[in-house]
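Peer 1: task: produce atomic coordinates for the following.
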Amino acid sequence: MANRLEIASTVHGDPDAPTVILIHGVVHQQHAWDPVVPLLAEKYRVVTFDLPGHGASGAIPEGSNPIPYVLDSLVDVIGELGGSGQRPHLVGNSLGGYVALEMGSRGLASGVTGISPAGFFRNRFELKHAEQVFLALKKSVGVIKPLVPRLSANRVGRSVMFGVFSTHPWKYPAESMLIDANTLAENTLLDDLPDLDFTFSAPTDRNLPITIAWGTRDLVLFPGQRHNVHTVFPQARIIPMRGLGHVPMSDDPEQIAKVIDTSAARSFAREKRLGSLRDKNAER
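Peer 2: A predicted model of the protein is given here:
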């Protein structure tokens with residue numbers, strides 16, 4: 001496609017294994033998945049990438065509507081990153097969870113795992129709360145930017161800076177925290193947060209395997225929002241993750257990897273069955 005948006009991506013694991021694509025949240029980059037990638041790469045072809053407007057991927061054009069632009073840009077990208085063979089299993093956290101679910105609704109996934117996904121606000125207050133968390137952090141990081149390297153380098157500093165995202169922020173690697181802080185200060189998508197519209201397309205497959213895992217100590221997207229999931233995706237499996245926060249990948253990598261593995265295995269098994277049925281019908 002001419003003038004297509006450039007997407008920075010990394011492939012891990014067995015190139016011939018089923019593909020799991022991990023999608024990060026707003027102001028993160030693909031490194032957010034580093035704690036779980038080695039665990040998943042033992043079994044899957046794992047792909048991470050930077051969302052448009054994040055990291056080394058192309059910017060969101062000025063004046064465009066960010067969410068529709070991101071979604072439309074990723075339709076071809078997901079197909080390419082998924083490789084050959086069966087459709088990939090998509091996993092997303094926060095904004096990435098919304099993106100993964102929407103891509104699933106459009107028929108691009110064998111199944112979806114959403115980890116505290118955006119898009120299920122119960123009222124205007126919850127949406128405004130999430131917006132204010134990010135905007136307040138952006139303002140704070142802008143003020144203390146000269147101190148960010150020093151704060152990121154110690155456990156107390158990491159806890160103070162990003163404790164709202166994680167129940168164990170001191171486990172988050174210092175280099176990752178520094179990247180996130182710089183992204184938070186520079187990311188222009190945050191300026192559009194008050195105008196973002198999180199709606200879902202009508203699912204093309206009402207039986208698409210979906211797992212929603214939500215930290216019970218999520219301070220950004222409140223855990224009660226998981227009760228809205230069935231209004232859009234009635235088939236979804238809901239898993240409360242006890243004691244985990246909004247970005248739980250470094251809090252408990254083993255638990256997150258297990259949730260993803262269980263969900264992915266279920267979706268790939270279904271994909272294989274559907275493929276066999278299509279082959280049998282084609283032979284008739």
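Peer 1: quick check: residue 175 vs residue 22, distance?
Peer 2: Distance, residue 175 to residue 22, using Cβ to Cβ, to the nearest Å: 19 Å. Using the backbone N, CA and C atoms, a C-beta is placed for each residue, glycine as well.
Peer 1: these two - which one has more neighbours?
Peer 2: More crowded of residue 175 and residue 22, by other Cβ atoms under 10 Å: residue 22, with 28 against 12.
Peer 1: packing partners for the strand or helix carrying that one?
Peer 2: Assigning secondary structure by DSSP states H and E places residue 22 in strand 19-23. Packing partners of strand 19-23 (3 or more Cβ pairs under 8 Å, 6 or more residues apart in numbering; DSSP states H and E): helix 37-40, strand 45-49, helix 66-81, strand 89-93, helix 95-105.
Peer 1: deepest of these, which one?
Peer 2: strand 89-93 (a mean of 30; mean count of other Cβ atoms under 10 Å).
Peer 1: just the CA atoms of that one, as CSV, please.
Peer 2: This file holds the C-alpha atoms of strand 89-93, laid out as CSV (Å, rounded to 0.1, in the frame of the first residue of the first chain):
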residue,chain,number,x,y,z
HIS,A,89,-4.6,-14.6,18.6
LEU,A,90,-4.7,-10.9,19.7
VAL,A,91,-3.8,-9.7,23.2
GLY,A,92,-4.1,-6.2,24.3
ASN,A,93,-3.8,-4.1,27.5
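Peer 1: am I right that residue 83 is in contact with residue 18?
Peer 2: No - the pair residue 83 / residue 18 is not scored as a contact, 9.2 Å apart, by Cβ atoms under 8 Å.
Peer 1: which of these two has more neighbours?
Peer 2: residue 18 (22 against 18).
Peer 1: residues near the nearest residue to that one once chain neighbours are set aside, how many?
Peer 2: Nearest residue to residue 18, sequence neighbours excluded (Cβ to Cβ, 6 or more residues apart in numbering): residue 268, at 4.9 Å. Neighbourhood size, residue 268 [other Cβ under 10 Å]: 22.
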